[in-house]
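quick one: sequence plus predicted model below, questions after.
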Amino acid sequence: MPQGSAEFGAFCPTLRPFPGAARYQMKGKLKFGLLGLVLIHLVVLGARVFAPYDPAEQHRDSPFAPPMRLHWVDARGHTHLRPFVYALVYHPESSAAVPYKEDRNRRLPVRFFVEKAIAGVEAQGAKHLRLFGVDPPGEIFLLGTDDFGRDQLSRLLYGGQVSLFAGLFAAALSLGLGVLLGSASGFYGSWLDAIIMRGAEIFMALPWIYLLFAVRAFLPLHVGARESFFLLVGVIGLTGWARPSRLVRGVVLSAKHREYVLAARSFGASNFYLLRRHILSETYGVVLTQAALLIPQYILAEVTFSFLGLGVSEPAPSWGNMLAALQKLSVLESYWWMFAAGLVLVPVFLFYHLVADALQQGA
Amino acid sequence: MNEQPLRQSEGQEPILRTVDLRKGYTRGRGWRGKRQHVQSLQGIDLQVRAGQSLALIGASGSGKSTLARCLAGLERPDSGELWIAGRNCGYSSHSREFTQVHLIFQDCGLSTNPRFTASEIVSEPLLISHWGTRAERTDRAINLMKTVGLPADAAGRRAGEFSGGQRRRLAVARALALEPRVLILDEALAGLDLSTQGQMANLLLEIQQARALTYLWISHDLSLVLRLASEIAVMDEGRIVESASVREWFAGPRSPQGQDLLQASRAWRSGAER
């Protein structure tokens, strides 16, 4: 018999070692993905502490400075417990693409938990705590700077607040709308169903990126960072309800004919009760999976819009308008650290897709 | 002679009474598609007295289940009258009278939400009719579970963890929650092994005696009907073609449909004995 089962295993390479394996694997994936996402979001939310500079703070004397390297061993071979960076010296007359050199004589030890003044006139010299920094007048740019000499790392962290949460809020909006319209459509049926589903088809048929352009074109050119953020969230969220609503409708359609729903109805349950207690609980799986798929999609939408200059506008950072510098070929060629905002999207998307995959296996 | 109402008792209002109840379904919609009209109930006149045990038999598609759903208020009849305990509720979509009639479904495994715990299932009718506090409802649910022979410590388990027989007990407990006067048992004993079937049958008879319930059995199993019901009504193509007491009927059905059913059951039984 063992021989027989080995043969069977060879014919079915996807055979799992034990029945609960899929579920076990699913849980591990889900935990890993969620942990990664929570960490990223916490770091981004704590930008005030984690970022060494304010996102709009300019260092005009060091545009496009390359990322500084952390050192432990100095030029004379001494090892230091505290990491340090060398100050960068700008050689504008140099013909090199990146006209910076490390000044081996100026060692800037990294200090942790430093008080630093908030930039800007309104701040009136107020200070707050930051995770790390160097003694002034030294500067530390771990991810380099952009054309105005603004610290890329700080902009990346503050920009994440815009880009990540734009995706989150937009997905919440379109899922909320999708659940509302989808369940109404599936539950009540007849003409309401017909109207909502034709509406959904129209929304799905629309080339929505151009629709967003059109909507943006209606609005004044200069909108504040906060307004443009909510505008973007609103527009992306409101156009994306069609797909989740169709999925929710399908689940509701099959759920409303279950016998336990019928039984509850025979006790005199109202439609609202049936929806709340029996039917909506069945849509959780679909809604969560959709959320994990829609959020990265919407983050990308925000990035695309800000990249094209239609989203959050300077000087407020977002991952999209950070990437906008790459529209110049010279920047694209010479300053690889300007890709940081694009690269950071990769782990975010991977974590979201991991979560989506795990949810789909569990559903 | 055929559509004669069941033994009319003078003075006492029957608990269930229907007059010329009709219900049809339309299939095939769309503006080019042909509409097909299926008339499930073609004028049902039925009277059930309180405390009676009536069996509704008939071939598949004869309209038994549709009648059951109309009586329980799950379907609205197209025309005709439906009187429950002396009140007409044929046309109101869901009047309170329907809580006096409860339908126990064919497959109780499907009629309990697998996500709910046993006490949530049993107390659901109480929750829907806003009866008492949460603790009172749970108490009552546990009492009801005891009356149907489920252990009290099963209250926190989810419906998916119960066996088929236990789930039927849950469904019965739930049906009793609002103290109905009529239970419609649509194939309530089908699909169980013989010993469980016997236990369930005894339980249902005990409950009927203790609570003075009226039972409407819908069944294919004539041997069970013989033991459980006192009256019988034969349905065919949306009509009641014969009604009699069980003893009379087994002695000799008058309608051809009834004769067919009895003959088929006897032929099957003698085949099994051979």
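Thanks, I have the structure now.

what residue is smack in the middle of the chain?
All of this refers to chain A. Note on chain A: the residue nearest the mean C-alpha position is A:Leu164, at 3.2 Å, using CA atoms, centre = their mean.

chain B was what I was after
Closest-to-mean residue, chain B, CA atoms, centre = their mean: B:Ile184 / 1.9 Å.

determine the three-state secondary structure at it.
strand (DSSP: H, G, I helix; E, B strand; the rest coil).

give the contact list for it.
Going by CB atoms under 8 Å, 6 or more residues apart in numbering or on different chains, B:Ile184 touches B:Ala68, B:Leu71, B:Ala72, B:Val101, B:His102, B:Leu103, B:Ile104, B:Leu216, B:Ile218. For the C-beta atoms, the positions are set from N, CA and C on the backbone; glycine is no exception.

one more: A:Gly250?
A:Gly186.

got the phi and psi for the residue nearest to the centre of chain A?
phi -70, psi -40 (degrees, to the nearest 10).

do B:Asp20 as well
phi 50, psi 50.

these two touch, right, it and B:Gly43?
Yes: if you go by CB atoms under 8 Å, B:Asp20 and B:Gly43 touch, sitting 4.7 Å apart.

where do the helices sit along the stretch 101-250 of chain B?
For the stretch 101-250 of chain B, the helices defined by DSSP state H, counting those that start in this stretch cover B:108-111, B:118-128, B:134-147, B:164-176, B:194-211, B:222-228, B:246-251.

in a markdown table, list these along with mean neighbour count.
Putting the helices of the stretch 101-250 of chain B into a markdown table (neighbours: other CB atoms under 10 Å in any protein chain shown) gives the following:
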| stretch | mean neighbour count |
| --- | --- |
| helix B:108-111 | 22 |
| helix B:118-128 | 25 |
| helix B:134-147 | 17 |
| helix B:164-176 | 24 |
| helix B:194-211 | 14 |
| helix B:222-228 | 17 |
| helix B:246-251 | 15 |
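
got TSV for those, with distance to A:Leu253 and mean pLDDT too?
Shown next, in TSV, are those (distance: least, CB to CB, whole Å; pLDDT from 0 to 100):
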stretch	distance to A:Leu253	mean pLDDT
helix B:108-111	17	67
helix B:118-128	22	86
helix B:134-147	31	87
helix B:164-176	24	85
helix B:194-211	33	86
helix B:222-228	36	80
helix B:246-251	43	84
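
can you list those in CSV and add distance to chain A?
Formatted as CSV, the helices of the stretch 101-250 of chain B follow (distance: least, CB to the nearest CB, whole Å):
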stretch, distance to chain A
helix B:108-111, 4
helix B:118-128, 4
helix B:134-147, 13
helix B:164-176, 7
helix B:194-211, 17
helix B:222-228, 22
helix B:246-251, 28
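
picking that back up, shared neighbours, B:Asp20 and B:Gly43?
Joint contacts of B:Asp20 and B:Gly43 (CB under 8 Å, 6+ apart) are B:Gly80.

for those two, indicate the residue with more neighbours.
In this view B:Asp20 and B:Gly43 are compared by other CB atoms under 10 Å in any protein chain shown, and B:Gly43 has more residues nearby, 16 against 13.

which secondary element of the chain has the worst mean pLDDT?
You didn't say which chain, so I picked chain A. Least confident helix or strand of chain A, by mean pLDDT, DSSP states H and E, is helix A:2-11 with a mean of 42.

if you could check chain B rather than the one you did, that'd help
helix B:108-111 (a mean of 67).
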